[in-house]
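# Sequence and predicted structure are below.
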Amino acid sequence: MEDNRMTRLALVLLLTPILTASLSAQDPPHDSSNGINCLSCHVLHNAPGAHFTNVAGAINLCMSCHNPLGVAPVETHSPGGQEISCTVCHNPHTQEQAAVHGSTFSRLVKTEVATPNSGDMLVKLLAPSGPNSFADGDAVYDGVCEVCHTATNYHRNNPSGNHNHNTALDCRMCHPHADGFRPTGGECTGCHAYEQPPGQGYRRQIVESNGDGKGDFVKPFHHVDDLSGSESVEAADCTVCHDQGSHMLNPDPEVLLADPDGGASHRFTGQPGGMVSEFCAGCHDADGKGGELAPFSSLRPPADVDQHWVNAKHALDPVGAACLDCHANGHGGVNPQMLAAVEEDLCFDCHSPAGGASDIWSDFQKAFHHPVEVGSLVHELGEDPLGMPRHVECADCHNPHAANADLVAAAPATPGGMLGVSGVDAGGAAVAEAANGYEVCFKCHSGAAATPTAPFPRVENETDLAVEFDLVNASSFHPIQGPGRSQNMPSLKPPWTVNSVMRCEDCHAGDAGSGGPHGSEQPFPLKARYDTDPYVVESAEAYALCYSCHDRLSILRNYSFKHDVHVTDYMTPCSACHDGHGMAGTAPNLPGTGLVNFRTDMVTPNALGQLEFIRNGFHDGKCSLKCHGYNHYGETY
């Protein structure tokens, strides 16, 4: 007996160096780098499990570390409730894939798996996605996620079934090991980093994968935008809009959209319609998402569109436009505000001869028009009217969520077609929404933004319309901000009176009858002919613009001034003496009444150097100047 004890002791002493050396001979991660050696899993005597393991059963042994409170928690693959042992797929000691195939993504996966129904199958795993990944869709069927499958819908170990489902992607994104490979989906951005076409479990790509530059939220304009250009979309951002209650159970491409105000979810079928607009308006209103004004992680509040939308032309029948008629999608797009096209191109899609809506496109093809085609992408939503670069786009004058030309308002109040647009008031202050129509025009035609040079050289070369139309300081003006100064204007045609107020577009509009100064074949652009060249033959057509408000017979019969001899005999245009907007009253020797502001390319000083007009009263005054080739020295009228 003593001899046997001595023999065993001698064997232990002899084997100790060998055993000690083998403790660090395992492949990572089950090696000394993680504080693991043989005795972490095995015991020499009275082992409760096979292979001298210190826990009975391979699953229990692995789960002693890989549990929810341990390292890299997992659950076993248990199809039909039958647990599959970890060692069916994994060799806990050796990185076989690295040893045989040079893989850097071995994960202790075996190179040969004993399958339940197909015998031993070879496995090759080189990467989480792409060729030789978990299930790459080729005809070799050697992915570790497909070698056992014979009855699944996707990726069987034979040609049957569907091999196009998320082909060559990382299966773990939807089937995480931590959930026993059940299709729990993981994070939204994990699955939606790849596109899946309709018919194969339709899925949009919303974020990029491995820097591929694809995805709705990679586009320059998108929801969850904090203007930094480096923001990231979080799963919580997705559930601001999406109801996940029946996720993946709806037919392609339907999704459920969570009602922002707590009502029933909206079913989106992929087609633009009223339901989408109701859903969008639920956040784009005064209280945001049920009182949460900044529901996304970007902390930018959504614009309040609903305040005007109820009366907007686009919202009402027969138009009945929906958000997705103009916006590309709810995630992101390549154009500002996620629009389906850039600026005027979007508007012209409907507002053209073939578009069915009022034809505005044709006006913009005319010789004189607001240059919306110049300076693309200069306009910015919410731009400062006092600091923006000089430009013009449709949205500078029209708010598509508010505009309705059928809504009538008395001048100078903002007309329906320009409701909800920013402006600059008569005092030069920026206003978020113009209360008066001229305030929209003043954004570009007053203050520092005013055109630097007048169309004609004049005694007073003022181009700031806020100054020319100033009710307090200007000497005379067309009544844009309020009634004019003169109480005696015999030439006015009904319904115009001396107390009337007019709009800019009463003169500046389309020559084919369309409202607004979009475009005209007449300069400036004007709604009717207004000849400005010297030696114009007077006619109803030559001065059709003036005669639309002023009675021609009254003018030619000289009820207020000797117009007939000037415009008929000497063929002098109206513009030679009159400034169509107004007189600030700063010019020397001009009282500024009657819009008199001589064009210096037609009216010059007389031989005595005089260039003046003196008004003594109605139909009483005199001129000292040189005009139509003649010197005037106190010429009376």
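Noted; the coordinates are in hand.
# Do I have it right that residue 417 meets residue 405?
Yes: counting by CB atoms under 8 Å, residue 417 touches residue 405, with 4.1 Å between them. To be clear about C-beta, it is placed using only N, CA and C from the backbone, and glycine gets the same treatment.
# where are the low-confidence patches of this protein?
1-25, 184-186, 197-201, 248, 273-274 (pLDDT under 70).
# Pick out the residue closest to the middle of it.
In the chain, the residue lying closest to the centroid (CA atoms, centre = their mean) is residue 337, at 1.5 Å.
# rewinding a little: could you tell me which residues touch both of residue 417 and residue 405?
Counting by CB atoms under 8 Å, 6 or more residues apart in numbering, the residues touching both residue 417 and residue 405 are residue 515.
# quick one, which of the two is more surrounded?
residue 417 (21 against 15; other CB atoms under 10 Å).
# Identify the residues contacting the more buried one.
398, 403, 404, 405, 515, 516.
# Quick check: phi and psi on the fifth one?
The reference is to residue 515. Per-residue torsions, residue 515: phi -80, psi 150 (degrees, to the nearest 10).
# Quick one: residues contacting it.
Contacts of residue 515 (CB under 8 Å, 6+ apart): 405, 417, 505, 509.
# The third one now?
Residues near residue 404 by CB under 8 Å, 6+ apart: 311, 312, 313, 316, 416, 417, 419.
# Between these, which sits nearest residue 148?
Of all those, residue 148 sits closest to residue 312, with 58.9 Å by CB to CB.
# That closest one is in contact with residue 398, isn't it?
No: look at residue 312 against residue 398 with CB under 8 Å: they stay out of range, at 10.5 Å.
# which ones are touching the residue nearest to the centre of the chain?
Contacts of residue 337 (CB under 8 Å, 6+ apart): 221, 327, 381.
# List the contacts of the second one.
Contact criterion CB under 8 Å, 6+ apart gives 333, 337, 338, 339, 340 as the residues in contact with residue 327.
# can we see that at 6 Å?
338, 339 (CB atoms under 6 Å, 6 or more residues apart in numbering).
# Next one: it from residue 305, what distance?
As defined by CB to CB, to the nearest Å, residue 327 lies at a distance of 11 Å from residue 305.
# Now the phi/psi pair for residue 523, please.
The phi/psi pair for residue 523 (degrees, to the nearest 10) is phi -60, psi 150.
# Not counting sequence-adjacent ones, nearest residue to it?
residue 368 (5.2 Å; CB to CB, 6 or more residues apart in numbering).
# Next, that neighbour: phi, psi?
Here residue 368 shows phi and psi, under degrees, to the nearest 10, equal to phi -120, psi 120.
# And for the one 5 residues further on?
Main-chain torsions, residue 373, degrees, to the nearest 10: phi -80, psi -10.
# Next, count neighbours for the residue lying closest to it once chain neighbours are set aside.
In this structure, residue 373 finds its nearest non-sequential neighbour in residue 344, 6.9 Å apart by CB to CB, 6+ apart. Using other CB under 10 Å, residue 344 is surrounded by 20 other residues.
# go on, the one 4 residues further on?
Residue 348 sits with 20 neighbouring residues when counted by other CB under 10 Å.
# For the residue nearest to it when sequence neighbours are not counted, list the residues it contacts.
Nearest non-adjacent residue to residue 348, counting by CB to CB, 6+ apart: residue 361, 4.5 Å away. Residues counted as contacts of residue 361 (CB under 6 Å, 6+ apart) are 348, 351, 352.
# State the distance from residue 361 to residue 394.
Applying CB to CB to residue 361 and residue 394 gives a distance of 11 Å.
# Tell me how many other residues surround residue 100.
15.
# Residue 111 is in contact with that one, correct?
Yes: with contact defined as CB atoms under 6 Å, residue 100 counts as touching residue 111 (5.0 Å).
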